[in-house]
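> The sequence and its predicted three-dimensional model are supplied below.
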Amino acid sequence: MSDNTNTLPQPQPQTPPPTWGQTLKVYLEPATLRMLFLGFSAGLPLLLVLGTLSFWLREAGIDRTTIGYLSWVGLAYAFKWCWAPLVDRMPIPILSRLLGRRRAWLLFAQCIVVAGIVGMAFTDPKASLETIVWCALLVAFGSATQDIALDAFRIESADTDKQAALAAAYQTGYRLAMIWAGAGVLWIAARAEVANVANYQHAAWQTAYLVMAASMLVGMATVLLSPEPSHKVLPPARNAAAWLREVLVEPFAEFIRRYGWHAALILGLIAVYRISDIVMGIMANPFYVDMGYTKDEVAAVTKVYGVIMTLVGAFIGGALSMRFGVMRVLMLGAILSAASNLLFAWLGTRGHDLHGLIFVIAADNLSSGIASAAFIAYLSSLTNIKYSATQYALFSSMMLLLPKWLAGFSGKFVDAYGYVNFFTATAFLGVPVLLLVWLASRTTVTAPARDA
């Protein structure tokens, strides 16, 4: 490594951007298609422990303040960097020998997710809210572990210039899973209800969650049918201390050495980029319930139509990032994400307005898709492939830590000030993001080397 570890790399001569035909062709490559199905496996658990669960809990009569606090289950995703070094380096007995390092951890994590979802299905939150929380934590832990292995799998499956396309395919699969884990759950629960019985029926939710557990087979089959990506063969550590330094310290130290003081700016941007969307999102489903929208309306508009708009946004974001650069699309996504929350504030003044809901969901999800595709590509570009799982887990964890913590107080804020003021406040949370994106675009010149 050169002595100039704190100096940012200089701009290289520009090469012509790929044609639109070359840009679109990458979406048909095997590595990209695999990310579509693995993205489905990654997206399925998230709503089941956050969004859809909040709808279930609100229908079961759980108050908004409690629902807000229960969103802290999602902090498991924010602390996944703590065990990411183990996923990066430690083999799973027998399974790693049969499948390889990345695929073994993927399959192991998926099994944990299935166990947690089944546990949630057989628990009624009205009778045992604590059990639901523990099962949700198990799902979140398994899902976060899957994310660690999957992010490394994706980064190691293609070169830097194709990461935006893989990110877009991942987001597509992820959002399709969110249709299934959002609309699918609501549709199944609605149709499993017994007619002429009280609104809340646990058996209906049980059926829906068992179907979701079975849906994880998509990801499991993809893991079993996928090749293990090529990755750097690491020499064995001389002793336990050397191993701990290599696994726990070096991934973080390497990032700091590479970027110097600019690392603080980059990490600050990562920590707040999605803050508007994440803080707002926890109260979205309770908002729909309180505004009088039915399961079928929420399923059709927010979980199907809305997710389709997110897919369109992810495709646009991935294509624009490859053609015009990630930082420009990051700025666009930041502006759109903050502005779209103001539309929710407007919707909160209109009561049960189905046409208004369709308009707001279209705008919000389109902007979210653009921002997500660019942001994933940006995070991927920051990693050194030698520490891909650990460094990406650090980045994606930082993205969630502050927003998830703030989101825990969202129910209390809504109870005190109402939905309109809440959505307006979340929009203004996105203003500092614009300054950080601008500063980062002026200091982060090129992507890091793909190997040490």
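Perfect, thanks for sending it. Residues are numbered from 1 along each chain as shown.

> For the helix or strand encompassing residue 364, the averaged confidence score.
Under the criterion of DSSP states H and E, residue 364 resides in helix 354-382. In this model, helix 354-382 has a mean pLDDT of 84.

> Flag every buried residue along it.
For helix 354-382, a neighbour-count test (16 or more other Cβ atoms under 10 Å) marks 356-358, 360-382 as buried. C-beta: built from backbone N, CA, C; applies to glycine.

> again with stretch 47-63
Applying 16+ other Cβ under 10 Å to stretch 47-63 flags 47-60, 62 as buried.

> residue ranges with poor pLDDT in the stretch 151-300 of the chain?
158-164, 196-198, 231-240, 242-244, 246-248 (pLDDT under 70).

> follow-up on the earlier one: and the helix holding residue 364, what other elements does it pack with?
helix 129-155, helix 163-179, helix 306-324, helix 326-347, helix 388-407 (3 or more Cβ pairs under 8 Å, 6 or more residues apart in numbering; DSSP states H and E).

> to the chain's geometric centre, what's the distance from that helix?
12 Å (Cα atoms, centre = their mean, to the nearest Å).

> and the angle from that helix to helix 326-347?
Angle between the axes of helix 354-382 and helix 326-347 is 160 degrees (criterion: axes from the mean of the first three to the mean of the last three Cα atoms, to 10 degrees).

> on that earlier part again, want to throw the helices and strands packed on helix 354-382 into a markdown table with distance to residue 106 and mean neighbour count?
Output for those, formatted as a markdown table (distance: least, Cβ to Cβ, whole Å; neighbours: other Cβ atoms under 10 Å):
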| stretch | distance to residue 106 | mean neighbour count |
| --- | --- | --- |
| helix 129-155 | 5 | 23 |
| helix 163-179 | 13 | 27 |
| helix 306-324 | 22 | 23 |
| helix 326-347 | 26 | 21 |
| helix 388-407 | 11 | 23 |
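
> What separation do you get for the nearest residue to residue 333 once chain neighbours are set aside and residue 70?
In space, and not counting its chain neighbours, residue 333 is closest to residue 371: 2.7 Å by Cβ to Cβ, 6 or more residues apart in numbering. Distance, residue 371 to residue 70, using Cβ to Cβ, to the nearest Å: 26 Å.

> try residue 429
21 Å.

> Comparing those two, which shows the higher neighbour count?
Ranked by neighbour count (other Cβ atoms under 10 Å), residue 429 and residue 70 place residue 70 first, with 23 against 20.

> Would you agree the more buried one is in contact with residue 133?
Yes: Residue 70 is within contact range of residue 133, at 6.4 Å (criterion: Cβ atoms under 8 Å).

> And for residue 228, the neighbour number?
15.

> and it, which of the three is it?
Here residue 228 is recorded as coil under DSSP: H, G, I helix; E, B strand; the rest coil.

> Can you tell me the closest non-neighbouring residue to it?
Counting by Cβ to Cβ, 6+ apart, the residue nearest residue 228 is residue 100, at 3.1 Å.

> phi, psi of that neighbour?
Main-chain dihedrals, residue 100, degrees, to the nearest 10: phi 100, psi 170.

> Next one, pLDDT for it please.
84.

> what do you get for residue 336?
87.

> just checking, it touches residue 374?
No: with contacts counted by Cβ under 8 Å, residue 336 stays clear of residue 374, the gap being 10.9 Å.

> quick one, what contacts residue 255?
263, 382, 384, 391, 394 (Cβ atoms under 8 Å, 6 or more residues apart in numbering).

> give me that answer again for 7 Å
263, 391 (Cβ atoms under 7 Å, 6 or more residues apart in numbering).

> Which residue is the nearest non-sequential neighbour of residue 101?
residue 91 (6.4 Å).

> Counting neighbours, what do you get for the one you found?
12.

> Then residue 209?
25.

> swap in the one 3 residues further on?
Residues contacting residue 212 under the criterion other Cβ under 10 Å number 27.

> And residue 180, by the same measure?
So residue 180, with other Cβ under 10 Å, has 23 neighbours.

> is it true that it touches residue 214?
No: counting by Cβ atoms under 7 Å, residue 180 sits too far from residue 214 to count as a contact (11.2 Å).

> mean confidence score for stretch 51-65?
Mean predicted confidence for stretch 51-65 is 85.

> sorry, that was for stretch 438-452
In the prediction, stretch 438-452 has an average pLDDT of 59.

> mind listing what the closest residue to residue 113 other than its chain neighbours touches?
Spatial nearest neighbour of residue 113, excluding adjacent residues (Cβ to Cβ, 6+ apart): residue 142 at 4.0 Å. Taking Cβ under 7 Å, 6+ apart, we find residue 142 in contact with 109, 112-113, 116.

> Relative to residue 35, how far out is residue 142?
19 Å.

> And for residue 261?
Taken as Cβ to Cβ, the span from residue 261 to residue 35 is 34 Å.

> Between those two, which is the more surrounded one?
residue 35 (29 against 9).

> Tell me what angle the helix or strand hosting that one forms with helix 306-324.
Counting by DSSP H and E, the element that carries residue 35 is helix 30-49. Here the directions of helix 30-49 and helix 306-324 differ by 140 degrees (the same axes, to 10 degrees).

> Contacts for helix 30-49, please.
Everything outside helix 30-49 that qualifies as a contact, by Cβ under 7 Å, 6+ apart, is 26, 73, 110, 113, 117, 136, 139-140, 143, 146-147, 150, 154, 157-158, 165-166, 169-178, 180-182, 209, 212, 215-216, 218-219, 222, 226.
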